[in-house]
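Novice: Mind looking at a prediction? Sequence and model below.
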Amino acid sequence: MATMQEPILLDRPDAPLVQGYEVIIGFETHAQLSTQSKIFSRASTAFGAEPNTQACAVDLALPGTLPVMNKGAVERAIEFGLAVNSHIAEKSVFARKNYFYPDLPKGYQISQFEIPVVQGGTVEFFLNEKKMSVRLVRAHLEEDAGKSLHEDFIGQSGIDLNRAGTPLLEIVTEPDMRSSAEAVAYAKELHKIVTWIGICDGNMQEGSFRCDANVSVRKPGGKLGTRREIKNLNSFKFMQQAIDYEVRWQIEQIEDGHKIQQATVLFNPDTGETRAMRTKEDAADYRYFPDPDLPPLCIAREWVEKVRGEMAELPRAMAARFERDYGLGEYDATQLTQSLALSAYFEAVSKVCGQPKLASNWITGELARRLNVQDLSIEQAPVKAETLASLITRISDGTISNNAARQVMDALWEDASTTVDAVIETKGLKQMNDSGALEKIVDEVIAANAKNVSEFRAGNEKALNALVGQIMKASKGKANPQQVNELLRAKLA
C-alpha cells in the first residue's frame, strides 16, 4: 500500500554496490493477528477449515451487515507499537480501499490510510556483527481478502472466503535497506518481534507472515529508480533469491536502454525468476475515503499504559539486562534474545554453571552450529540446558579441555540419556592435572626440540606453539593447555 509521504532516503555511503548500482529496498509486511475471531465479525480465524465454512454474513458483505471493531486486534497493534518505540495514535481512521477482485466480496477493503494507528518506530538488528536500523513509516490495521483457487478446477476458479476479514497489521518501512542480506535480516528481526510478543504466530507457510519487497536501483547519488513490488514472499530463502534476481533484472534492463515500469511481480521458486503480474497501482487508483460505517478508533493513554504493564519483557530490554547482569557484549546479548525459548535456555544454563560468558560462547557457537546443520530449533536440541551447564562446569573446573568438551558434546548429541561425567569417564577424557607428570613431559619435549627452544628464546612466539603441540601430543590431548603454556614459559625464561 502506498504511503501518504515521499520516502525519506537515508544517505548510505557504506552501501554495497551491484555492478555500479545502489540497491534501494523497502518492505511491507502483513502480520496476521492472533485473535480467535475476525477484525470486524465474530467468525473464526482458525486455519485449514473447509472452504467458506468460516465466512459469516459480515464477511460475505450481505446487505444490511455492519462491521464491529475487534478490541483484541487493536490491543495487538498497541503491543507492536510499544515493541518498536512507535507513536500510538490517540485517534486513527478506517478507510475504504476500492478495487475489484473476485475474492473481495464488498468491492473494497477496510484499511487505514491517512491516519494509521501506529506511526514511526524502528527495528534494530545485527548483520555480520554490525548493528543496523530500519525506520518504520507506519503500521495499520486492515482486513484480509479471500483467496482465489485455481489448481483444483478446470477452466474456472473457486473462491474461498474463509480468510476474508482476517485481521492484519500491515507494517511499512522507509526504503532503508541496501541489499538482500539486509532485507532478510530485517524480516527475521520483525518476525522475531511479532512472535515474541505473541501478536502473530509467524507461520509463513500458512500466510500468517507475508512480506512484499519494493525494489529499485540507481546510480549512487542519482535520482531514485522506479520500484517494482515483489508480492507474498513466504520464506526467507525465497526472499533473498527473489530480491537478488530482481536487482540483476532491473540493472540488465537499464543497461540495455529500457525503462523500468512500475509493477507488481511474483517470484517463481521453481525457476528462480520474478515475473510481472500487473501494473502497480498508486494510492489515487484505490480512491480511498473514510469508511462511513466505522467511527474513528480512539485509544486512551490509560489503555496504552495498561497494555504496556501487561507485556512480557521485550527483546531489547532483555538484551540490555543480559549485558548488565551477565557481562555480555551487545552482539552476544542480541543473539541470545532471538527467541524466548533461546533466552530461557541461556539463563537456565548460566544459573546452573555460573559461567554466563562461557555459556554464551557455547550456545551461540557449538550448539548453534549443530542446530543449524540439522535444521533444529532450540526446543528440539538433544542436549538440554542442565546437561550443557554440567559440561561447562567441567570445562571451567579444569576437568576437561575445550577439545575434549567437543567430544563429550558429540556423545551427548547422539545419546541424550547419558551424562557428562559418564562420557568423560568412558572415553578417558579427563585432563592431566598432575603437575609432576606434566612437568616430566614438558622437560622431555624441551630436551627433544632444541631448535624450537632456541627460536622461542630469540623472540619467535610461534615456536612456543610448536612446543605446546608436541606436549599435547605426548599427553594424548589430556594436558591442560593453559598449564602447559605457563610451565613452558617459566622453564624457558
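Specialist: Perfect, thanks for sending it. Please read all numbers here as calculations on a predicted model, not as lab measurements.
Novice: alpha carbons only for contacts and neighbour counts from here, please
Specialist: Noted.
Novice: in stretch 340-359, what counts as buried?
Specialist: 340, 342-343, 345-350, 352-356, 358-359 (16 or more other Cα atoms under 10 Å).
Novice: Among those residues, which ones are in helices?
Specialist: Among the buried residues of stretch 340-359, the members falling in helices are 340, 342-343, 345-350, 352-353, 356, 358-359 (criterion: DSSP state H).
Novice: wait, which of those is closest to residue 6?
Specialist: residue 340 (36.8 Å; Cα to Cα).
Novice: And that closest one, how far from residue 377?
Specialist: Distance, residue 340 to residue 377, using Cα to Cα, to the nearest Å: 12 Å.
Novice: need the next SSE after the host helix or strand of residue 230, C-terminal direction.
Specialist: If you go by DSSP states H and E, residue 230 is part of strand 228-233. Counting by DSSP H and E, the next helix or strand C-terminal to strand 228-233 is helix 236-255.
Novice: name the helices or strands packed onto that next one?
Specialist: helix 180-196, strand 209-218, strand 228-233, strand 273-279 (3 or more Cα pairs under 8 Å, 6 or more residues apart in numbering; DSSP states H and E).
Novice: Redo those as TSV? Include mean pLDDT.
Specialist: Shown next, in TSV, are the helices and strands packed on helix 236-255 (pLDDT from 0 to 100):
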stretch	mean pLDDT
helix 180-196	97
strand 209-218	97
strand 228-233	94
strand 273-279	87
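Novice: which ones are touching residue 336?
Specialist: 319, 342, 343, 346, 360, 364 (Cα atoms under 8 Å, 6 or more residues apart in numbering).
Novice: tally of neighbours for the last one?
Specialist: Using other Cα atoms under 10 Å as the criterion, residue 364 is surrounded by 15 other residues.
Novice: Surely it forms part of a helix?
Specialist: Yes: using DSSP: H, G, I helix; E, B strand; the rest coil, the assignment for residue 364 is a helix.
Novice: Could you measure from it over to residue 182?
Specialist: For residue 364 relative to residue 182 (Cα to Cα), the value is 21 Å.
Novice: Can you show me the helices along the stretch 1-150 of the chain?
Specialist: Using DSSP state H, counting those that start in this stretch, the helices of the stretch 1-150 of the chain run over 71-83.
Novice: my bad, should have said the stretch 301-450 of the chain
Specialist: Taking DSSP H, counting those that start in this stretch to define them, one finds helices in the stretch 301-450 of the chain at 301-310, 315-326, 330-335, 340-353, 356-362, 368-374, 385-396, 402-414, 420-427, 435-448, 450-457.
Novice: Out of these, which is closest to residue 163?
Specialist: Nearest to residue 163 among the helices of the stretch 301-450 of the chain is helix 301-310; the distance by Cα to Cα comes to 27.3 Å.
Novice: mind exporting the closest one as CSV, just the C-alpha atoms?
Specialist: These are the backbone C-alpha positions of helix 301-310, laid out as CSV (Å, rounded to 0.1, in the frame of the first residue of the first chain):
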residue,chain,number,x,y,z
ARG,A,301,-3.4,6.8,27.1
GLU,A,302,-4.6,4.8,30.1
TRP,A,303,-5.3,1.9,27.7
VAL,A,304,-1.8,2.1,26.2
GLU,A,305,-0.2,2.1,29.7
LYS,A,306,-2.4,-0.9,30.7
VAL,A,307,-1.2,-2.8,27.7
ARG,A,308,2.4,-1.8,28.4
GLY,A,309,2.2,-3.0,32.0
GLU,A,310,0.9,-6.4,30.9
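Novice: buried set for it?
Specialist: For helix 301-310, using 16+ other Cα under 10 Å, the buried residues are residue 304.
Novice: tell me the angle of it relative to helix 71-83?
Specialist: Between helix 301-310 and helix 71-83, the angle comes out at 70 degrees (axes from the mean of the first three to the mean of the last three Cα atoms, to 10 degrees).
Novice: quick one: contacts of helix 301-310?
Specialist: Applying Cα under 8 Å, 6+ apart, the external contacts of helix 301-310 come out as 75, 78, 79, 82, 88, 90.
Novice: where's residue 165 relative to residue 33, distance?
Specialist: 11 Å.
Novice: cool, residue 406 as well?
Specialist: Separation of residue 406 from residue 33 (Cα to Cα) stands at 42 Å.
Novice: Low-confidence ranges, the stretch 301-450 of the chain, go.
Specialist: 433-435 (pLDDT under 70).
Novice: my guess is residue 32 meets residue 164, correct?
Specialist: No: Residue 32 is beyond contact range of residue 164, at 12.0 Å (criterion: Cα atoms under 8 Å).
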